[in-house]
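1. Structure for the following, please:
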Amino acid sequence: MATTRKDDKYEVVYLPPNFKIRVALFVYLLWFTGSLAGMAGVVLPRALPCSFLWLLADAPPSPVLVGRHVFSLITLSQVHDIYSFTVGLYLIGTLAFLAHSLPSLRFFRPRLSHLRAVFLVLSTTISTLIFLPLLTSFLFTSYLLLPLFPSLSSASPLPTLNLTQEWSTGTLLLATFYHLFYPYVPAHNTFRHALDRAIATWETGSKADALAVIHYDFALPLLVRLSVLIGFPAFVAVSAWQLGASRGEMQFVAMCRIVYGATTGVVVGTVVERKARRLARRWVTGLREREYLLERRLRNFDGGVAEGQ
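-> From the prediction side, this is the model:
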C-alpha cells in the first residue's frame, strides 16, 4: 500500500459573510466580559460581608464563624470576612470529606497501624492544603510581583507577607492552574503521573494507598522543588547583599529584584528556546518532506533472516 503526497500548494476554505464585523464584535464582547468580571471581583468582596456573609454567620456551624475562630487563634488583628469564609469552607469541606471517606480508608489492616494512619492523614492534609498554597503564592510573589513592582509597601521598602492573603492567593492559583492548564500538561510529567495514579487508586477503593501516593510522590517532591526555587535565589540575593558596600533596605530589595528577575529571564528563555528549536525542527522536517518526499510505502516484516546471512 502506497500513499503519495498531494501536489496542491493551497486549499480553498469557506469564508463566512461579514467576517471582519464578526471578529470585531467577538473581540469587543471578550473585552466587555473581562471588564465586567474585573469589576465584579472588585465590587463583590466589598458587598458580600454586608449581605451574604453576614447571613451565613447566623447559622452555625457556618464557614464564616469557623474561619473567625481559626484567625482568632492565630492573630489579634481583624481579618476580612472573605478570608474567614474561605478558610472555614475549606476546613468544613475537609472534615466532611474525611468523615465520609474514613470507613473506606482500610486503616485497620495489620500492615498499617493507627499511628501511621493518623500521621498519613495529617501530613497529607498539611502538605497539600497549607504548605502547597503558601509556597505557590511565595513563588508567584517572588518571581512576578517582586521584579515587576518595586514598592509593595508604602511604609517600608521591604515587602510584607500576610499569611492569610498568601494562602488565599496560592489556593486561587492552584485551582486556576488545575482547571485551565492541567489537561495540557504532558502525560509523562512526573507530577501529573503521580496525581493521576493517586486518583485512579482512590477510585479503585484503596484510600490509604492513594493518600500515600499524594503525600510521598506528589506533595513532598513538589514542595522540595518549590522550596529550592524560592530559597536558592534568596540565598544568592542575601549573600550578594552582605558582600555589598551598602546594606540598606532599598539595596536588599533591589538585589532580590535583580536575582529573581534574572532567574525568571533564564527559566523563561530556556523554555522558549527549547520550544522554538522543537518547532523549527518540526517545520523544517515538514517542509523537506513536502518538497522532496514522493511516497511512503508500508512493507510487511515476516521475521525471516535476510539473504546472505
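2. gap between the residue lying closest to residue 144 once chain neighbours are set aside and residue 147?
-> Distances taken as Cβ to Cβ, 6 or more residues apart in numbering place residue 264 nearest to residue 144, at 7.5 Å, with adjacent residues excluded. C-beta coordinates here come from the backbone N, C-alpha and C atoms, glycine included. Distance, residue 264 to residue 147, using Cβ to Cβ, to the nearest Å: 6 Å.
3. picking that back up, tell me the contacts of the residue nearest to residue 144?
-> Counting by Cβ atoms under 8 Å, 6 or more residues apart in numbering, residue 264 makes contact with 143, 144, 147.
4. Over to residue 295: give its phi and psi.
-> The phi and psi values for residue 295, taken as degrees, to the nearest 10, are phi -160, psi 160.
5. what about it, how many residues close to it?
-> 8 (other Cβ atoms under 10 Å).
6. Over to the one 3 residues further on?
-> The number of residues packed around residue 298, counting by other Cβ under 10 Å, is 7.
7. What helix or strand is the residue nearest to residue 144 located in?
-> Using DSSP states H and E, the element containing residue 264 is helix 249-292.
8. Can you show me the strands along the chain?
-> Applying DSSP state E to the chain gives strands spanning 2-4, 295-297.
9. List the neighbouring strands of the last one plus their orientation.
-> This points to strand 295-297. Using DSSP bridges, the strands paired with strand 295-297 are strand 2-4 (antiparallel).
10. dump the residue contacts of residue 168.
-> Residues in contact with residue 168, defined by Cβ under 8 Å, 6+ apart, are 83, 86, 133.
11. most surrounded residue in those residues?
-> residue 133 (21 neighbours).
12. Quick check: the residue lying closest to it once chain neighbours are set aside vs residue 278, distance?
-> Nearest residue to residue 133, sequence neighbours excluded (Cβ to Cβ, 6+ apart): residue 170, at 3.1 Å. Separation of residue 170 from residue 278 (Cβ to Cβ): 31 Å.
13. cool, residue 220 as well?
-> From residue 220 to residue 278 the distance is 31 Å (Cβ to Cβ).
14. If you count surrounding residues, which of those two has more?
-> Using other Cβ under 10 Å, the more surrounded residue of residue 220 and residue 278 is residue 220, with 15 against 10.
15. my guess is the more buried one meets residue 128, correct?
-> No - judged on Cβ atoms under 8 Å, residue 220 makes no contact with residue 128 at a distance of 10.1 Å.
16. shaky segments in this structure?
-> Where the chain drops to pLDDT under 70, the residues are 1-12, 41-62, 97-115, 149-160, 205, 245-247, 303-309.
17. can I see the domain layout of it?
-> As given by automatic domain parsing, the domain ranges for the chain are 19-104, 117-293.
18. In TSV: these, plus distance to residue 13.
-> Formatted as TSV, the domains of the chain follow (distance: least, Cβ to Cβ, whole Å):
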stretch	distance to residue 13
domain 19-104	11
domain 117-293	19
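19. Just give the number of residues close to residue 143.
-> Neighbour count for residue 143, taken as other Cβ under 10 Å: 19.
20. measure residue 183 to residue 199 for me?
-> Taking Cβ to Cβ, one finds residue 183 at 13 Å from residue 199.
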